[in-house]
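Attaching a predicted model along with its sequence, questions to come.
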Amino acid sequence: RAPAPPDRSSAGKVLVIAPGFGFMATPAQLRTLVRAYGSAVICSNQHANPEEADFDMSAGILPILHEIKHHKPKAILCASKGSLYMRELWRLMEAGGHHHLKGIGYLMINAHPSL
């Protein structure tokens, strides 16, 4: 039997962006994170699919920005179509005025082909 994972909750929170990460389709991915980081894992609410034809990123990113301000994660993780949200976070950071986005680690798994 493998030893219990170390307590990493003091290292800060990890915000996982829902679209593309497969909370429903591949729950093992989330279970792996929770086993490794425990209560430090914060799952974003189920946000709109940014690949939908009528999706408006300027409105769609607002709930994620709220979650970032509320939870103050040390890292943000996304996969697949969630990478479109990540790209918008980076764009906002580059544009300035979103200083709370700096100092956060960003990780994309299975990044969108347009990146």
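Received it, and whenever you're ready, just let me know what you need.

Just the strands from this structure, written as ranges.
For the chain, the strands defined by DSSP state E occupy 14-16, 41-43, 75-80, 105-111.

among those strands, which is nearest Glu67?
Nearest to Glu67 among the strands of the chain is strand 14-16 (6.2 Å), distances taken as C-beta to C-beta. Backbone N, C-alpha and C define where each C-beta goes, glycine included.

Now do the buried residues in the closest one.
Under the neighbour-count criterion of 16 or more other C-beta atoms under 10 Å, strand 14-16 has Val14, Leu15, Val16 buried.

and what of stretch 99-112?
In stretch 99-112, counting by 16+ other C-beta under 10 Å, buried: Leu101, Ile104, Met108, Ala111, His112.

Closest to Ala53 out of those residues?
Ala53 lies nearest to His112 out of the buried residues of stretch 99-112, by C-beta to C-beta, at 15.8 Å.

Where do the helices of this protein begin and end?
27-37, 57-60, 62-71, 83-95 (DSSP state H).

From the chain's centroid, how far away is stretch 77-85?
Centroid separation for stretch 77-85 versus its chain: 7 Å, with C-alpha atoms, centre = their mean, to the nearest Å.

And stretch 22-32, by the same measure?
From the chain centre to the centre of stretch 22-32 is a distance of 14 Å (C-alpha atoms, centre = their mean).

now stretch 26-38
14 Å.

Now do that stretch, average pLDDT.
For stretch 26-38, mean pLDDT is 81.
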